[in-house]
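**Student:** Let's see this in three dimensions:
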Amino acid sequence: NSYEVNKVRWWKGLDNFPNISINIKSIKEKLNELLIDATQKRLVSDVKIATSLSGGVDSSIIFSILNNIKKEKNNEKINLNPFVIKHSNNKTFDVAMELSNFFNRKPIIVEYDEDSIDNFSNKLSAIEITEPYFSQLEVYKAQNERGFKVSIDGHGADECLGGYDKDIENFGMYFQNSLADLYRAIINLKGAEHLKETIKRLNLIPNLHGFDIDIKRFVKIKEYRNEYVNSEKIDLINPFLEEDITELINYDFPHQILYLNSTYGHMQWLLNKWDKASMASSVEIRSPFLDWRFFQYALALPAELKTKNGQNKSILRDTFGKMLPKSVMEKKFKQGLPIVDFRKDKIALNLINEAINQDDFKTSNIWNSQKIIADFNNINIRSKKINKILNLIRTYLMNKGFEKRKEKIINTYKKCEESFNKLN
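**Tutor:** You can find the predicted model right below:
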C-alpha cells in the first residue's frame, strides 16, 4: 500500500470576515457583546481559574470584565486576586496595583531574579525557543503552586487591532498615501496652483510623497544564516500564503498587513511561546481576545478606528473605557514582559565559556566549535560576533535541556515498568 500526505486547509480568515456597520455606536456595542461573551465562554471549568494582570490596557479590560461577571454570576471557580509580575523598569506595575484596589482584590506579586541564569537549559527547553523569555514561566509556575489549572489572559488584542509600533507605522503610510491621492485628485480637477492654495488655506502638509505599499514587497521570508554552521536553505513558505496574497489585493493595506501577521507571522510565534510557558507548569491559557468571532470582527474594522486621540487600539479603549479607572485608559506607552539579557556580566560570559568547552559541544557536527571558541576568546572579534555565538549557545543549552527531559522520562518509565513487574 502507498500513502500520500495531503494538506487540507481547515480555516481561512478571509472567508470569515463579518460585515461591519458604519455606525460607530453599533460597532462599540458589537465589540462589547463579543468580548464579554468570549470571556464568559472561557469560564466553563471544573478546576480553579486564575488571571494575570500586567496593568496594560488588554489585561486590564479582561480583568474588569471578569470582575463584572463574578459580581453578576458569582462563579466559584475563578479567583480574581490577580497574578502580577514585578520586574525592573515595569512602567505598569502601579497601574496593576491601582486596578486591583479599584476592584477590591489582593494581587499576588510574582518576583524573581531577572538576571538569573540558573537552570538555563531547563528553562529554554520548557519554552522550546532560544530567546530567554523566562518571566512567562514564572507567572504560570506561581499559579500552579497555588493550585490553579486555567488562566484567563489578555493575548491577541494587539494582533487584531494593530497595537504594535510597526502597525502604527504601516497605518501612517496608508493614511499618507490617501492624502497624496487627494492631492492628485485636486491637481486633476483644478490644477497644481489650486492645490498650493488649498494646502496653504487648510494648513495641510506640503511636498507630500506617497509610498509603494504593494503587499508582495512586505512578504519577506527571513533567512537565518550563521557563519559557524554549514546549512542548506529550506523552503518554509506556507502553501496557502500565495493563495491569500492573491485575494488580499481586494483589501486595503492595513487589513493586508494585520491579516498576514496574524495568520502567518508574529501571532504564531507569540502563541507558541506563551502556550509552552504555561504548559510547562500544566496551566491552560484561555484568551477571550482570540475568540474567532471577536478577533475577526476587530480585524475587519477600518484602521481609522484603531488609532485616534494619539492612542493605539482606540476603539477598544472607547468601548470599555467606563469599566476602568481613567489612568488605565489614558496610558500611552506599550510594554511587554522582559527578556533575560545574559550578555552583560561576567557570570554570563563564564556560562558561555563553560558551554563551549564541553566535550559534546566541541565534538558536535552541527557547528564549527573551533572557530566559535577562537572568536569568543578574541575580545575584539567577540564584541562583533557575540549575537551569533549567543544564538548557538542558547541552541546548545536548549538541546541539553531536551536531553535531561528525555532522560527523566526514560527513568520514570523504567520505574513504572519495575513497579508493574513486581505486581505480577
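**Student:** Which SSE is immediately downstream of the helix or strand of the chain with the lowest mean pLDDT?
**Tutor:** For the chain, the helix or strand with the lowest mean confidence is helix 326-329, at a mean of 74 (criterion: mean pLDDT, DSSP states H and E). Using DSSP states H and E, the helix or strand that follows helix 326-329 in sequence is helix 346-356.
**Student:** Now do that next one: everything it contacts.
**Tutor:** 117, 120, 342, 361-362, 369, 372-373, 376, 389-390, 393, 396-397 (Cβ atoms under 8 Å, 6 or more residues apart in numbering). Placement of C-beta: from N, CA and C, glycine included.
**Student:** Distance from it to the middle of the chain?
**Tutor:** 30 Å (Cα atoms, centre = their mean, to the nearest Å).
**Student:** Just the CA atoms of that helix, as PDB, please.
**Tutor:** Extracted C-alpha coordinates of helix 346-356, given in PDB (Å, rounded to 0.1, in the frame of the first residue of the first chain):
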ATOM      1  CA  LYS A 346      31.000  38.100  33.800                       C
ATOM      2  CA  ILE A 347      28.700  35.400  35.100                       C
ATOM      3  CA  ALA A 348      27.100  35.100  31.700                       C
ATOM      4  CA  LEU A 349      30.400  35.100  29.900                       C
ATOM      5  CA  ASN A 350      31.500  32.300  32.300                       C
ATOM      6  CA  LEU A 351      28.400  30.400  31.300                       C
ATOM      7  CA  ILE A 352      29.200  30.700  27.600                       C
ATOM      8  CA  ASN A 353      32.800  29.800  28.300                       C
ATOM      9  CA  GLU A 354      31.700  26.700  30.200                       C
ATOM     10  CA  ALA A 355      29.400  25.600  27.400                       C
ATOM     11  CA  ILE A 356      31.800  25.900  24.600                       C
END
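**Student:** how about it: buried residues?
**Tutor:** Neighbour counts over helix 346-356 (16 or more other Cβ atoms under 10 Å) mark 348, 351-352, 355-356 as buried.
**Student:** Could you check which helix or strand contains the residue nearest the centre of the chain?
**Tutor:** The chain has residue 270 as the residue nearest its centroid, 3.6 Å off, counting by Cα atoms, centre = their mean. Per DSSP H and E, residue 270 falls inside helix 266-279.
**Student:** so what secondary structure elements neighbour the next helix or strand after that helix?
**Tutor:** As assigned by DSSP H and E, the chain's next helix or strand after helix 266-279 is strand 284-286. Strand 284-286 is packed against strand 150-152, helix 266-279, with contacts defined by 3 or more Cβ pairs under 8 Å, 6 or more residues apart in numbering; DSSP states H and E.
**Student:** Taking their axis directions, the helix or strand following strand 284-286 and helix 266-279 sit at what angle?
**Tutor:** Next along the chain after strand 284-286, taking DSSP H and E as the criterion, comes helix 292-300. What separates the directions of helix 292-300 and helix 266-279 is an angle of 140 degrees, with axes from the mean of the first three to the mean of the last three Cα atoms, to 10 degrees.
**Student:** Pairing partners for the helix or strand following helix 292-300, with directions?
**Tutor:** Proceeding N to C from helix 292-300, the next assigned helix or strand is strand 307-308, under DSSP H and E. Strand 307-308 has its sheet partners listed here by DSSP bridges as strand 311-312 (antiparallel).
**Student:** Contacts for the next helix or strand after the partner strand next, please.
**Tutor:** Next along the chain after strand 311-312, taking DSSP H and E as the criterion, comes helix 314-320. Applying Cβ under 8 Å, 6+ apart, the external contacts of helix 314-320 come out as 27-28, 31-32, 35, 57-58, 61, 64-65, 157, 161, 298, 301, 305-308, 311, 329.
**Student:** and if we set it to 6 Å?
**Tutor:** For helix 314-320, the surrounding residues in contact (Cβ atoms under 6 Å, 6 or more residues apart in numbering) are 28, 31-32, 61, 161, 305, 307-308, 329.
**Student:** Off-centre distance for it?
**Tutor:** On Cα atoms, centre = their mean, the centre of helix 314-320 falls 20 Å from the chain's centre.
**Student:** Then stretch 182-196?
**Tutor:** Chain-centre distance of stretch 182-196: 44 Å, with Cα atoms, centre = their mean.
**Student:** rewinding a little: rank the buried residues of helix 346-356 by pLDDT and give me only the lowest.
**Tutor:** Lowest in pLDDT among the buried residues of helix 346-356 is residue 348, which has 70.
**Student:** From residue 319, how far out is residue 19?
**Tutor:** 19 Å (Cβ to Cβ, to the nearest Å).
**Student:** what's the closest non-adjacent residue to residue 368?
**Tutor:** Nearest residue to residue 368 in three dimensions, chain neighbours excluded: residue 228, at 5.0 Å (Cβ to Cβ, 6 or more residues apart in numbering).
**Student:** Tell me, what's the model's pLDDT at that neighbour?
**Tutor:** At residue 228, pLDDT is 90.
**Student:** that older thread, highest average neighbour count across the helices and strands packed on strand 284-286: which stretch is it?
**Tutor:** Each of the helices and strands packed on strand 284-286 was scored by mean neighbour count; the highest is strand 150-152, a mean of 23, by mean count of other Cβ atoms under 10 Å.
**Student:** Can you show me the CA trace of the helix or strand just after that strand as PDB?
**Tutor:** Per DSSP H and E, the first helix or strand lying C-terminal to strand 150-152 is helix 157-161. Provided in PDB are the C-alpha atoms of helix 157-161 (Å, rounded to 0.1, in the frame of the first residue of the first chain):
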ATOM      1  CA  ALA A 157      -5.700  42.400  21.000                       C
ATOM      2  CA  ASP A 158      -2.600  43.800  19.500                       C
ATOM      3  CA  GLU A 159      -2.700  41.400  16.600                       C
ATOM      4  CA  CYS A 160      -6.300  42.200  15.500                       C
ATOM      5  CA  LEU A 161      -6.300  45.900  16.500                       C
END
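**Student:** For helix 157-161, which outside residues touch it?
**Tutor:** 58, 164, 262, 267, 289, 295, 298-299, 306, 313, 316.
**Student:** Quick check: which helices or strands does the next helix or strand after it pack against?
**Tutor:** Moving toward the C-terminus from helix 157-161, the first helix or strand encountered (DSSP H and E) is helix 165-190. Judged by 3 or more Cβ pairs under 6 Å, 6 or more residues apart in numbering; DSSP states H and E, helix 165-190 is in contact with helix 192-202, helix 253-264.
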